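1. here are the coordinates; sequence isn't available:
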């Protein structure tokens, strides 16, 4: 890969990370899928090698490097398997909230553990009755002296079982009008009385990525755990969604690239009617079509990453990338599985797992229908 925003240092970092993952992740990934969880020991190994939160300032345990290093980490994790998405969520979605809106005390308390793997994070927005419609969340946090009392339930929470620190979207003013002005963000630690884990959810794909229900029943949290200003939570989430959706697009792009690579290898070796499947015109046309779409996607994505690293407002184009890249990856998954024939339906072939893992990318971080709504509004429609 020759991404225009990456330097030789980034590429050396990629080589080092790829060797690490081939040793510490690839041989164990199938077992992690069966266990439905990534072991804590792997998180700590990632932290010890500097692969967690590399953009943090050195005083908080990071390396103070640019976001290009996070791009490399997300790409290489995706090449191992989509189930490692929770690490990207920790690095590039949850921790940046603490960096941007946290107090100095909060940063010193939590960020070093986030960088060394002692603290795994999650973000709890979605509820049983509120997904993309964040303004209608019902989980409440009512001030009682120096504490907030949280009541409610969250679902589909990535890292929900493993998390030591959960960033929870709550209603601190249930009567606020408009509704979104009553939303705040509160950090809840493992072991807090009244904070319970529900089921580890049994998903169609992303099996090693633990996803859970979270329950808050008279959960008392120090008021000092409020992140940023009360009532600003919705605005904070909107500000941070650009990077979250860009990470989703990156992972979808890499998944498509990996599926095409493994399919080209397969059709060259699989024979039918006395010749390799790759020699059939239909196979060649399908491969050519997918390769073209993937190249188009990569060119667009690289442009967006460079602009994001330069601090540009890319809400419209990132929304385009999020929906287009994930839908493209879904098309590639279906075509690649078909080209594998009956073997593509067998679990021992990686394309089967990829086929199961990719559909959720069109749902989380805002559904693709929401992406199109955002684009339409920003085009003045």
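-> Perfect, I can see it now. All of these numbers come straight from a predicted model, not from anything done at the bench. Numbers count the residues shown, from 1 in each chain.
2. pLDDT score assigned to the residue in the chain sticking out farthest from the centre?
-> No residue in the chain sits farther from the centre than residue 274, which is 43.8 Å out by Cα atoms, centre = their mean. pLDDT for residue 274: 94.
3. now residue 135
-> Model confidence at residue 135, expressed as pLDDT, equals 84.
4. and it, helix, strand or coil?
-> Assigned with DSSP: H, G, I helix; E, B strand; the rest coil, residue 135 falls in the helix class.
5. next one: it from residue 171, what distance?
-> Counting by Cβ to Cβ, to the nearest Å, the separation of residue 135 from residue 171 is 10 Å. Where you see a C-beta, it was placed from the backbone N, CA and C, and this is true even at glycine.
6. looking at those two, which one has more neighbours?
-> residue 171 (24 against 14; other Cβ atoms under 10 Å).
7. burial of residue 297, as a residue count?
-> Neighbours of residue 297 using other Cβ under 10 Å come to 21.
8. now do the shared contacts for residue 135 and residue 171.
-> Each of residue 183 lies in contact with both residue 135 and residue 171 under the rule Cβ atoms under 8 Å, 6 or more residues apart in numbering.
9. now residue 75: closest residue in space that isn't a chain neighbour?
-> residue 254 (5.0 Å; Cβ to Cβ, 6 or more residues apart in numbering).
10. what about the one you found, which helix or strand?
-> In this structure, residue 254 is located in helix 233-269 according to DSSP states H and E.
11. now that helix: how far from the chain's centre is it?
-> Centroid separation between helix 233-269 and its chain, computed with Cα atoms, centre = their mean, to the nearest Å, is 9 Å.
12. need the next SSE after it, C-terminal direction.
-> Criterion used, DSSP H and E; the element after helix 233-269 is strand 271-272.
13. for burial, what's the neighbour tally of the residue lying closest to residue 370 once chain neighbours are set aside?
-> Spatial nearest neighbour of residue 370, chain neighbours left out: residue 132 (4.8 Å); criterion: Cβ to Cβ, 6+ apart. Using other Cβ under 10 Å, the number of residues around residue 132 comes to 16.
14. kindly report the same for residue 153.
-> Residue 153 - counted by other Cβ under 10 Å - has 17 other residues nearby.
15. which residues touch the closest residue to it other than its chain neighbours?
-> Leaving aside its sequence neighbours, residue 153 sits nearest to residue 215 (Cβ to Cβ, 6+ apart; 5.3 Å). By Cβ under 8 Å, 6+ apart, the contact set of residue 215 is 153, 195-198.
16. who does residue 215 bridge with?
-> On the basis of DSSP bridges, residue 215 is bridged to residue 153, residue 196.
17. how about residue 143?
-> Residues in beta-bridge contact with residue 143 (DSSP bridges): residue 148.
18. next, count neighbours for it.
-> Residues lying near residue 143 (other Cβ under 10 Å) number 13.
19. next one: residue 100
-> A count of nearby residues for residue 100, using other Cβ under 10 Å, gives 12.
20. run the chain-centre distance for the helix or strand encompassing it.
-> Following DSSP H and E, one finds residue 100 within helix 95-101. Relative to its chain's centre, helix 95-101 lies at 16 Å (Cα atoms, centre = their mean).
21. buried ones in stretch 43-61?
-> Residues of stretch 43-61 classed as buried: 43, 45-47, 50-56, 60-61 (neighbour count, 16 or more other Cβ atoms under 10 Å).
22. quote the end-to-end distance of it.
-> 15 Å (Cα to Cα, to the nearest Å).
23. pLDDT value on residue 129, please?
-> pLDDT at residue 129 comes out at 85.
24. what about the closest residue to it other than its chain neighbours, how many neighbours?
-> Nearest residue to residue 129 in three dimensions, chain neighbours excluded: residue 138, at 6.7 Å (Cβ to Cβ, 6+ apart). The number of residues packed near residue 138 is 14, by other Cβ under 10 Å.
25. wasn't residue 138 part of a strand?
-> No - counting by three-state DSSP, residue 138 is not found in a strand; it is coil.
26. contacting residues around the closest residue to residue 232 other than its chain neighbours?
-> Among residues not flanking residue 232 along the chain, residue 184 sits closest, at 7.0 Å (Cβ to Cβ, 6+ apart). Residues in contact with residue 184, defined by Cβ under 8 Å, 6+ apart, are 141, 169-172, 226-233.
27. show me which of those are buried.
-> 141, 169-172, 226-228, 230-233.
28. now residue 46: how far from residue 360?
-> According to Cβ to Cβ, residue 46 stands 23 Å off from residue 360.
29. got it, and residue 3?
-> For residue 3, the distance to residue 360 - Cβ to Cβ - is 26 Å.
30. what do you get for residue 224?
-> To residue 360, residue 224 is 35 Å away according to Cβ to Cβ.
31. with neighbour numbers in mind, choose between those two.
-> Using other Cβ under 10 Å as the criterion, residue 224 and residue 360 rank with residue 360 on top: 20 against 13.
32. now the more buried one: phi and psi?
-> Torsion angles at residue 360 (phi, psi; degrees, to the nearest 10) stand at phi -70, psi -20.
33. what sits against it?
-> Residues in contact with residue 360 (Cβ under 8 Å, 6+ apart) are 203-206.
34. now residue 157, what's its secondary structure?
-> Per three-state DSSP, the local secondary structure of residue 157 is strand.
35. that concludes my questions; thank you for your assistance.
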